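Undergrad: coordinates for the following, if possible.
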Amino acid sequence: MSSDLQKDVIRNWWLKAEESLTAAKREFEAGSYIFAVNRLYYAAFYGVTAALLDRQKKFKKHSGVRIAFHQEFINTGLLAIEWSKFYDQLFEDRQEGDYQPFMAFDRKYVETQLERCSQFLSELKPLISLLK
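TA: Residues are numbered from 1 along each chain as shown. Here you go, the predicted model:
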């Protein structure tokens, strides 16, 4: 991938992260908590994907992104361990919300996750050289 194309792709992933966070807020306000959680996970996933691509790493599966996130950002101390747990919890919540019948999330829990996701992206953004 050419340098210019890679920069465009990184910007695109980051834009998708921001748009997903905005969509999560809309879904939350509409009372659609399962869909808000789905969008929160994707906000984090797209942000992490942008950050990994900034380090010349790309993956085809969510599990690859998840493992690389831990290796590149948590194990190296670039991000606090709390963000490891947060990302993993969003992944699990999204899985349950998407695939478990009768799944429901509590309003307060989703509200807290919204705040944390916004903070997560704020912590992640400075680690992307293109977005500094």
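Undergrad: which element, helix or strand, includes the spatially most central residue of the chain?
TA: Geometric centre of the chain, nearest residue: Ala44, 0.6 Å, by C-alpha atoms, centre = their mean. Taking DSSP states H and E as the criterion, Ala44 maps to helix 33-54.
Undergrad: any idea which helix or strand comes after that helix?
TA: Counting by DSSP H and E, the next helix or strand C-terminal to helix 33-54 is helix 62-69.
Undergrad: sorry, back to before: quick check: pLDDT value at the residue nearest to the centre of the chain.
TA: pLDDT, Ala44: 98.
Undergrad: OK, contacts around it?
TA: Ala17, Phe86, Tyr87, Leu90, Cys117, Phe120, Leu121 (C-beta atoms under 8 Å, 6 or more residues apart in numbering). C-beta here means a position set from N, CA and C on the backbone, and glycine is covered the same way.
Undergrad: and of those, the nearest to Phe59?
TA: Taking C-beta to C-beta as the measure, Phe59 lies nearest Tyr87 of the contacts of Ala44, at 14.2 Å.
Undergrad: and the lengthiest helix in the chain, what other elements does it pack with?
TA: In the chain, assigned by DSSP state H, the helix with the most residues is helix 3-29. Contacting helix 3-29 under the criterion 3 or more C-beta pairs under 8 Å, 6 or more residues apart in numbering; DSSP states H and E are the following elements: helix 33-54, helix 107-124.
Undergrad: before we move on, the earlier item: now the two most distant members of the contacts of Ala44.
TA: Ala17 and Phe86, at 14.4 Å, using C-beta to C-beta across the contacts of Ala44.
Undergrad: which of the contacts of Ala44 are buried?
TA: Among the contacts of Ala44, those classed as buried by 16 or more other C-beta atoms under 10 Å are Ala17, Phe86, Tyr87, Leu90, Cys117, Phe120, Leu121.
Undergrad: element containing the second one, please.
TA: To tie it back to what came earlier, the one meant is Phe86. Under the criterion of DSSP H and E, Phe86 resides in helix 81-99.
Undergrad: relative to Ser2, how far out is the residue nearest to the centre of the chain?
TA: According to C-beta to C-beta, to the nearest Å, Ala44 and Ser2 sit 27 Å apart.
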